[in-house]
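Novice: Give me coordinates for this.
(one chain, ligands or ions: 1)
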Amino acid sequence: MLKIDRIETFVLKTPLGRERFFSSQASFPERTSLLVRLTTSEGEVGWGEGGQYGPPEPVQTCIEKVLGPQLLELREAAPGVVWDVLYARTRDFGQRGPYIEALSAIDIALWDLVGKRLGASISDLMGGRHRDRVRAYGTGGYYQSVEFDRDRDLEVLGDTVAGYAEQGFGMLKIKVGLLPLGDDALRVQTVRERLGEDFVLFADANHAYNSQTAIAMGRVLERHNYEFFEEPVPPEDREGYARVRSHLDLAIAGGEAEYTRWGFRDLIGGGCVDIIQPDVCVCGGISEIQRITALATTHNLRTIPHVWGSGIAFAAAMQVCSSLPLVPYTYRPVPLQNEPVVEFDRTRNSLRDDLLTDAFTVEDGHVKVPRGPGLGVEVNMDVVNEYKLS
Ligand code: CA
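Specialist: Numbering: from 1, shown residues only. Okay, here's the model as predicted:
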C-alpha cells in the first residue's frame, strides 16, 4: 500500500542574464520550475514537476494549502485514485491552471513512486515501450531583442540554428509572431536556406495571430517547406484554429495550454489541430495524458508532447514518448508521419541540464529513454538547493 507521509515543494529559479530571450508573448529573463517530492510511510521518494509557463508560486500554494493536505489524509495513494479524488474535490474552482498543474506534479511523483516500488519504469507501467530511444527536435530560434536589426539578427539566427544542427539534431522548431509578417518571413527563409532543403523545420507562433494573419504566415511556411505550424491563434479561438487548418496544407499543432481530457475533447472536437501537444506537467500528469492521447487516437491524430521545464519534466515526457503508439500504425515507422518525437528545448536552462545526476543528451538525433524504475532519473540535491528560492 502506498501511503504518503511527507510532501515537499521546491521553487527553483535561475536568471538568464545576457541570454534573456523573447517569444511573441513574453520576455524570458529567468527559468523557473516547481518540483514536488513525496515520501511514503516506508521512506521511498518520488519526484514530480508542474507549472511550466506562469510563476511557480501559485502551483506551490495549490499543493501546500489544498491538494497536499488531502493527499496526506488518503489511506491509499495510488495515482489513478488520487487523480479522481483530488480532481473531483477541486472541480468547482480548479478545472484549469495552477490546480491542474499542481495535480500534474503530484501525479508524476506518484507514478515515480509506484515504478520504484515495482522496479518498473513509468513507460513499462503505461503498457510498455514502443521504443527505447526517441527522435528529438530542438526548440530555439527565439528573439534576442524586440527590435529587428535585419542583417545582424538574421546572421545570429542562422548561426544559432546551424549550431543546433551540429549538436546532432535533424529537426528544429523556430519562433515566429513577434515581428511584422514580412520580417518573420525573412527569418523563416533564412533558417531554411542555412540548413538546406532536407532539414525538418517547424514554426511556433505562440498564438500571435488572428486566423487571417495565421493563414498568411502558414503560406510562407508552406513555401519554405515547414512541416507543422504550432499555436497559430489563441487557444480559446477554436473557430480560428479550424479556419486556419482548413485553409492550409501543412499540419496545425497545438494544445500546450490545454488542461485535462475535457480541454482536449474540445480542441480535437473543434477540428482545430492535426497534432496535439499536451504537456505532461500541465495537462494533468501521467494519468491524464494517457486518457488524452487515447482520445487523440480515436480521431487518428498524432501526439507530440510539449516539453518545457527541468530534467524531471523532460524525463516524464520521455517516458510518455516511449509508450506512444504509431498513429496510424504502419509496419515500418515513418519519421514525422506517425513516429512520435520529443521536444528538446535548446535555450540555456541549468534546471534542465544540471538537475539530474545523468543529463539527457542527443546522439544521432535521438534521446535514450532511461531504463531505471519510475522516471528513471536521480535528482542532484546540491543543484536543487543551489537554485531553491522557497
Ligand atoms: Ca509552443
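Novice: which ones are touching Asp266?
Specialist: By C-beta atoms under 8 Å, 6 or more residues apart in numbering, the contact list for Asp266 reads Arg238. For every residue, glycine as well, the C-beta is placed using N, CA and C.
Novice: to the chain's geometric centre, what's the distance from the helix or strand containing it?
Specialist: Using DSSP states H and E, Asp266 sits in helix 260-269. Mean-position distance between helix 260-269 and its chain equals 17 Å (C-alpha atoms, centre = their mean, to the nearest Å).
Novice: Send me that helix as PDB with only the CA atoms.
Specialist: The C-alpha atoms that make up helix 260-269 are tabulated as PDB, following Å, rounded to 0.1, in the frame of the first residue of the first chain:
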ATOM      1  CA  THR A 260      -7.300  17.600 -18.900                       C
ATOM      2  CA  ARG A 261      -9.200  15.300 -21.300                       C
ATOM      3  CA  TRP A 262     -12.100  17.800 -21.300                       C
ATOM      4  CA  GLY A 263      -9.900  20.600 -22.800                       C
ATOM      5  CA  PHE A 264      -8.600  18.200 -25.400                       C
ATOM      6  CA  ARG A 265     -12.100  16.900 -26.200                       C
ATOM      7  CA  ASP A 266     -13.000  20.500 -27.200                       C
ATOM      8  CA  LEU A 267      -9.700  21.100 -29.100                       C
ATOM      9  CA  ILE A 268     -10.000  17.900 -31.000                       C
ATOM     10  CA  GLY A 269     -13.800  18.000 -31.400                       C
END
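Novice: And the next helix or strand after it, what does it pack against?
Specialist: For helix 260-269, the succeeding helix or strand toward the C-terminus, using DSSP H and E, is strand 275-276. Judged by 3 or more C-beta pairs under 8 Å, 6 or more residues apart in numbering; DSSP states H and E, the packing partners of strand 275-276 are strand 251-254, helix 260-269, helix 285-298, strand 302-303.
Novice: Give the rounded mean pLDDT of the helix holding Asp266.
Specialist: For helix 260-269, mean pLDDT is 98.
Novice: How much space separates the closest residue in space to Trp111 that isn't next to it in sequence from Leu267?
Specialist: Once flanking residues are discounted, Trp111 sits nearest to Ile286: 4.5 Å by C-beta to C-beta, 6 or more residues apart in numbering. Using C-beta to C-beta, to the nearest Å, Ile286 is found at 20 Å from Leu267.
Novice: Next: Val220.
Specialist: 24 Å.
Novice: Looking at those two, which has the bigger crowd around it?
Specialist: Leu267 (25 against 20; other C-beta atoms under 10 Å).
Novice: The more buried one: what's it in contact with?
Specialist: Applying C-beta under 8 Å, 6+ apart, the residues contacting Leu267 are 235, 238, 241, 254-255, 258, 273, 276.
Novice: tell me the contacts of Ser145?
Specialist: Counting by C-beta under 8 Å, 6+ apart, Ser145 makes contact with 22, 153.
Novice: Mind checking what secondary structure it has?
Specialist: Under DSSP: H, G, I helix; E, B strand; the rest coil, the three-state class of Ser145 is coil.
Novice: distance of it from Tyr53?
Specialist: Noted for Ser145: a distance of 22 Å to Tyr53, by C-beta to C-beta.
Novice: Same check on Val200?
Specialist: Using C-beta to C-beta, Val200 is found at 26 Å from Tyr53.
Novice: And for Asp184?
Specialist: Distance, Asp184 to Tyr53, using C-beta to C-beta: 22 Å.
Novice: rewinding a little: I figured the residue nearest to Trp111 hits Ala105, correct?
Specialist: No: contact criterion C-beta atoms under 8 Å: Ile286 and Ala105 do not qualify, at 11.0 Å.
Novice: Please identify the helix or strand for Arg117.
Specialist: Here Arg117 sits within helix 98-118, counting by DSSP H and E.
Novice: I'd like the distance from that helix to the chain centre, please.
Specialist: Relative to its parent chain, helix 98-118 has a centroid offset of 16 Å by C-alpha atoms, centre = their mean.
Novice: Tell me which other helices or strands it touches.
Specialist: Applying 3+ C-beta pairs under 8 Å, 6+ apart, one finds that helix 98-118 contacts strand 30-40, strand 45-50, helix 57-61, helix 79-90, helix 122-125, helix 285-298.
Novice: which of those sits most buried?
Specialist: Comparing the helices and strands packed on helix 98-118 by mean neighbour count (mean count of other C-beta atoms under 10 Å), strand 45-50 ranks first with a mean of 28.
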